[in-house]
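# predicted structure and sequence below. I'll ask about it afterward.
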Amino acid sequence: MNRSACLIFNPVAGQGDPEQELAMIRALLEPEIDLNIYYTTAELGADKLAELAVKQGAQAIIVAGGDGTLSAAATAIVGTDIPLGIISRGTANAFAAALKIPDTIDAACQTILQAGTRYVDTAYCNGKPMVLLAGVGFEADTVEMTGPEAKKRLGIMAYILAGVQQLRNLQSFEVEIETDDKVIRTTASAVTVANAAPPSSVLAHGPAGIIYDDGLLDLTIVAPESKAGAIAATFHLLQTASSGSPVERDDIGYLRGNRFKINALPPQKVVLDGEIIGTTPIEVHCVPAGLKIFVPFDQAVSPVEKLEGLPNLTIHSKDSSKIQE
Ligand SMILES: Nc1ncnc2c1ncn2[C@@H]1O[C@H](COP(=O)(O)OP(=O)(O)OP(=O)(O)O)[C@@H](O)[C@H]1O
């Protein structure tokens, strides 16, 4: 019997030809997977469609769109244990880059067909699901300056150009960061809390590598004192992001934790997985192993437990004395 999956397809994502892209996805997947195809519309987003797929008991959910579509769908999928297939068709495709999964349609479909999966952490920021990162300050201002027209015209360059423009009027703010065991106060231009981050999200790359399955979040504080310092700090972060080594500058700090409360004065804009969600304060906490995603074979992790299917199975949780059947 064929596998089955719900395919959530955004017909306006990215700069390609959606009809051709859908035809390619169907040609690659349908010989082995029965697809139930849902199209996103301006009114009916990927979050609602993924919610419907979960309710209908989908065996797997495949999302074909940009980061916005993926992020919305993830809202309904976190914690369900339904495997998520990612077919990136957007501008930045930060999810694929951060989670180290292929970003071409062909390779993404092959990855789904191979059926290897692994768990990745997710997080919640002010009650909203977060797969990648929350940026306070500089990054949020950059995203706000990058309009849809510029994205269509320039692709990823639009973000870089907005970032360079933003450096000209670099603002700093007072920030208070609270973890489970300490309160940190400093002056900063950008604070980024990352669960996973592509190399292009340079402001997230203070620590040596952002680990997306360690049950922890990585926080980076960038606090340059001048425009020249900001350029030098950004360049240093670019290097550490590509080499996987930690930063070594006084104006960049980092720490790991499973939850952070961040307050800023004056209040700062906040970008969550590429979308502006409002202003500080924010509270972010990690959801260890919140999503199960299809990954290429060399990254797939064998499950550590398989009990379902055993006869007369009951599992007693020692914590809550709950019985799962
Ligand atoms: N049928 C549709 N018509 C108009 N807008 C749509 C439709 N389906 C989804 N959308 C909108 O598409 C946006 C999400 O697009 P998405 O982020 O996936 O692609 P992108 O902008 O090309 O990529 P990226 O996020 O990488 O820049 C959402 O704002 C959503 O409301």
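Received, thanks. Numbering: from 1, shown residues only.
# which residue does the stretch 201-325 of the chain bring closest to the ligand?
Gly274 (5.6 Å; C-beta to the nearest ligand atom). The way it works is simple: take the backbone N, C-alpha and C, and place the C-beta from them, glycine included.
# contacts only, for that residue.
Asp67, Gly68, Ser71, Ala92, Ala94, Leu132, Val143 (C-beta atoms under 8 Å, 6 or more residues apart in numbering).
# and of these, the nearest to the ligand?
Closest to the ligand, out of all of these and judged by C-beta to the nearest ligand atom, is Gly68, at 2.4 Å.
# could you look up the SS state of the closest one?
When classified by DSSP: H, G, I helix; E, B strand; the rest coil, Gly68 comes out as helix.
# cool, Leu28 as well?
Strictly by three-state DSSP, Leu28 counts as helix.
# per-residue confidence at it?
Note on Leu28: pLDDT of 98.
# pretty sure it contacts Thr111?
No: judged on C-beta atoms under 8 Å, Leu28 makes no contact with Thr111 at a distance of 10.8 Å.
# neighbour count winner among the two?
Legend: neighbour count by other C-beta atoms under 10 Å for Leu28 and Thr111, higher for Thr111 (24 against 18).
# contacts only, for that one.
Contacts of Thr111 (C-beta under 8 Å, 6+ apart): Gly85, Ile101, Pro102, Phe294, Val295, Pro296.
# out of those, which are close to the ligand?
Near the ligand, taking C-beta under 6 Å from any ligand atom as the test, no member of the contacts of Thr111 is found.
# can you flag which of these belong to strands?
Counting by DSSP state E, the contacts of Thr111 place Gly85, Phe294 in strands.
# now the contacts of Thr111 as TSV including pLDDT and neighbour count?
Below are these laid out as TSV (pLDDT from 0 to 100; neighbours: other C-beta atoms under 10 Å):
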residue	pLDDT	neighbour count
Gly85	98	26
Ile101	90	23
Pro102	92	17
Phe294	96	26
Val295	93	23
Pro296	90	16
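# so Asp107, which of the three states?
Quick fix: residue 107 is Ala, not Asp. Going by three-state DSSP: Ala107 is helix.
# show me where the stretch 51-200 of the chain has its strands.
Secondary structure of the stretch 51-200 of the chain (DSSP state E, counting those that start in this stretch): strands located at 61-65, 84-88, 117-125, 128-130, 133-137, 173-178, 183-188, 190-194.
# check which helices and strands the longest one sits against.
Applying 3 or more C-beta pairs under 8 Å, 6 or more residues apart in numbering; DSSP states H and E, one finds that strand 117-125 contacts strand 128-130, strand 282-294.
# mean neighbour count, those strands: which tops it?
Across the helices and strands packed on strand 117-125, averaging neighbours per residue (mean count of other C-beta atoms under 10 Å) puts strand 128-130 on top, at a mean of 23.
# what stretches of the protein score poorly on pLDDT?
Applying pLDDT under 70 to the chain picks out residues 141-169, 301-306, 319-325.
# the same query, at a cut-off of 80, please.
Within the chain, the ranges that satisfy pLDDT under 80 run 1, 138-170, 199-200, 208-209, 241-242, 244, 298-309, 311-312, 314-315, 317-325.
# okay, helices next: where are they in it?
Applying DSSP state H to the chain gives helices spanning 18-29, 46-55, 67-77, 94-99, 105-114, 138-145, 148-154, 157-168, 227-243.
# okay, these in a markdown table with distance to His205 next?
Shown next, in a markdown table, are the helices of the chain (distance: least, C-beta to C-beta, whole Å):
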| stretch | distance to His205 |
| --- | --- |
| helix 18-29 | 31 |
| helix 46-55 | 28 |
| helix 67-77 | 18 |
| helix 94-99 | 11 |
| helix 105-114 | 25 |
| helix 138-145 | 12 |
| helix 148-154 | 23 |
| helix 157-168 | 14 |
| helix 227-243 | 4 |
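# list the contacts of Ala60.
Arg3, Ser4, Ala5, Cys6, Ile33, Ile82, Pro83, Leu84, Gly85, Ile112, Phe294.
# most neighbours, which of those?
Neighbour counts for the contacts of Ala60, by other C-beta under 10 Å, peak at Ile112, which reaches 29 neighbours.
# how about the nearest residue to it, chain neighbours excluded?
Gly85 (4.1 Å; C-beta to C-beta, 6 or more residues apart in numbering).
# just checking, the one you found touches Gln110?
No: contact criterion C-beta under 8 Å: Gly85 and Gln110 do not qualify, at 10.9 Å.
# contacting residues for Cys109?
Met24, Ile25, Leu28, Leu29, Ile87.
# please redo it, this time with the cut-off set to 7 Å
Ile25, Leu28, Leu29, Ile87 (C-beta atoms under 7 Å, 6 or more residues apart in numbering).
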